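> Got a sequence here, can you build the structure:
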Amino acid sequence: MPDKKIIVALDFSNTREALTLIDQLDPAACRVKIGNELFTTAGPSFVKDVIQRKFDVFLDLKFHDIPNTVARAVSVVAEMGVWMTNIHAVGGGVMMEQAKSALDSFGDSRPLLLGVTVLTSMAEAELQDVGMDCNLEEQVKRLAGLSNAVGLDGVVCSAAETSMLRASLPAEFCLVTPGIRRPEDAVGDQKRVVGPAQAIVNGSDYLVVGRPITRADSPLEALQAFNTAVASVL
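Have a look, this model is predicted:
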C-alpha cells in the first residue's frame, strides 16, 4: 500500500509474544504501536529491534507531566528513531509547546507528535467524574484545537469524532483513531468504536487495531482484511 493506514497494537506483556506476532506481519502492509505495558517490560532496546525489522513504530506512552519533563522525554523518544509518539493534550499548551520545541533539532527525522484528546475507553459520565462539565465532543474539539494551535502534528481521538474535527482543522492535521472494530469483532474495553471503512470516510488518517488482528487465527489475513476495507473507500 502506498500509505500504510493500519497500525497494529502490540498489546502484549512480553517480547516473546510480541515478536511472534511481528514475524507474522508484513512491514510493507502496516505500522505497529508499542504501548506502556510492552515498553515497561522490554524498554528502548525492543523498540530499536522492531525498527530494525523495518516497521514504523508509534510509541504510545501518552506523556503527561510538567513541561520540562515531557520535553526531555519526547527528545529521548526521538533518539530511538520512532515514527510517531504522543502526549496528553490535557497537560496544556505550555507542555505541548515545549514538547514540540524539543523535537525541532531532529529536523526531518523527528517523529510525528500527537496530542491525546479523550481516551476511547471513556464515556461522558466519566468526564463528569473527573470534573469536566462539558460534553465529550466539546472536550475532544477543545483539546484538538489546542493541539493544532501549538503546532502539534495531530491528535489521537475516536473515529466517531473525526468528521467533527475535519470540519474545523487543517487537512494536513493528522487524526489517529483507536477503537476500530468490524461487526464481527468483540468490542472489548472500547466504548466508542467504528468500522475501518467508516473511519476513513469520517476522516481518520491512521487506524489503530489490536485484538481483531493480534488474536486472529491468521494475523496476516486479518491485516489484509482491514487493508482491503480501507482500500475500498480510498
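
> Could I get the pLDDT score of Glu37?
pLDDT recorded at Glu37 is 96.

> Which residues in the helix or strand containing it does the neighbour count mark as buried?
According to DSSP states H and E, Glu37 maps onto helix 36-52. Using 16 or more other C-beta atoms under 10 Å as the test for burial, helix 36-52 gives 38-39, 42, 46-47, 50-51. (Each C-beta comes from the backbone N, C-alpha and C, glycine too.)

> What of stretch 5-18?
For stretch 5-18, by 16+ other C-beta under 10 Å, it's 5-12, 15, 18.

> May I have the helix or strand of the chain with the lowest mean pLDDT as PDB, with CA atoms only?
Each helix and strand of the chain was given a mean pLDDT (mean pLDDT, DSSP states H and E); the minimum falls on helix 124-129 at a mean of 77. Taking Å, rounded to 0.1, in the frame of the first residue of the first chain, the C-alpha atoms of helix 124-129 are listed here in PDB:
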ATOM      1  CA  GLU A 124     -19.400  11.000  29.000                       C
ATOM      2  CA  ALA A 125     -20.200  10.100  32.600                       C
ATOM      3  CA  GLU A 126     -16.500   9.500  33.300                       C
ATOM      4  CA  LEU A 127     -15.600  13.000  32.100                       C
ATOM      5  CA  GLN A 128     -18.000  14.400  34.700                       C
ATOM      6  CA  ASP A 129     -16.400  12.200  37.400                       C
END
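
> Now Asn86: phi and psi?
Per-residue torsions, Asn86: phi -150, psi 160 (degrees, to the nearest 10).

> residues in contact with it?
Shown in contact with Asn86 (C-beta atoms under 8 Å, 6 or more residues apart in numbering): 58, 60-63, 113-116, 156.

> Three-state assignment for the nearest residue to Ala89 once chain neighbours are set aside, please.
In space, and not counting its chain neighbours, Ala89 is closest to Gly115: 3.4 Å by C-beta to C-beta, 6 or more residues apart in numbering. Here Gly115 is strand, with the state taken from DSSP: H, G, I helix; E, B strand; the rest coil.

> give me the number of residues near Gly115?
Residues lying near Gly115 (other C-beta atoms under 10 Å) number 27.

> Please determine how far it is located from Leu25.
As judged by C-beta to C-beta, to the nearest Å, Gly115 and Leu25 stand 28 Å apart.

> Tell me where the model's unsure across the protein.
Flagging of the chain using pLDDT under 70 yields the residue ranges 1-2, 183-193.
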